[in-house]
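S.K.: need a structure here:
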Amino acid sequence: MKKFSDITDDAVLDGDKIRIDDVLNEKVVVLNYAVKVSRYSKNSSGKYLILQIEKKAHRHVIFTGSDVLIDQMEKYGTQLPFEATIRKINRYYSLT
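M.R.: The predicted structure is shown next:
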């Protein structure tokens, strides 16, 4: 008998939910991510990002519609895990 965990592509992103502003300008470890289609498309892509991070040995998840962060994770997500800082530059968020 197959196990569901053997056949699914969905990653389990566990951790305490926090706001992105709670980790601005702090080093975090980006552990995993998922990009989903939003029902409330407030951004140009119509997607949202679930970002699983580790901060001070605790796991957290962040939900954001930032197109810049979505693009960065789709481009560099194969390099996980990595250390990064989330910065707010003018009106958008970016990994540095």
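S.K.: which stretches of the protein form strands?
M.R.: 16-17, 27-37, 47-55, 58-64, 82-89, 92-95 (DSSP state E).
S.K.: Deepest-packed of the ones you listed, please.
M.R.: strand 47-55 (a mean of 20; mean count of other C-beta atoms under 10 Å). Quick note: C-beta positions are derived from backbone N, CA and C, even for glycine.
S.K.: how about the CA coordinates for that strand, as CSV?
M.R.: What follows is strand 47-55, C-alpha atoms only, in CSV (Å, rounded to 0.1, in the frame of the first residue of the first chain):
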residue,chain,number,x,y,z
LYS,A,47,-0.4,34.5,-6.9
TYR,A,48,0.6,34.5,-3.3
LEU,A,49,3.7,33.0,-1.6
ILE,A,50,3.9,30.9,1.5
LEU,A,51,7.5,31.2,2.9
GLN,A,52,8.7,28.9,5.6
ILE,A,53,11.6,30.4,7.5
GLU,A,54,13.6,29.7,10.6
LYS,A,55,14.4,32.6,13.0
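S.K.: Going forward, count from 676.
M.R.: In the new numbering, first residue 676, that becomes strand 722-730.
S.K.: Give me the distance from that strand to the chain's centre.
M.R.: Computed by C-alpha atoms, centre = their mean, to the nearest Å, the separation of strand 722-730 from the middle of its chain amounts to 2 Å.
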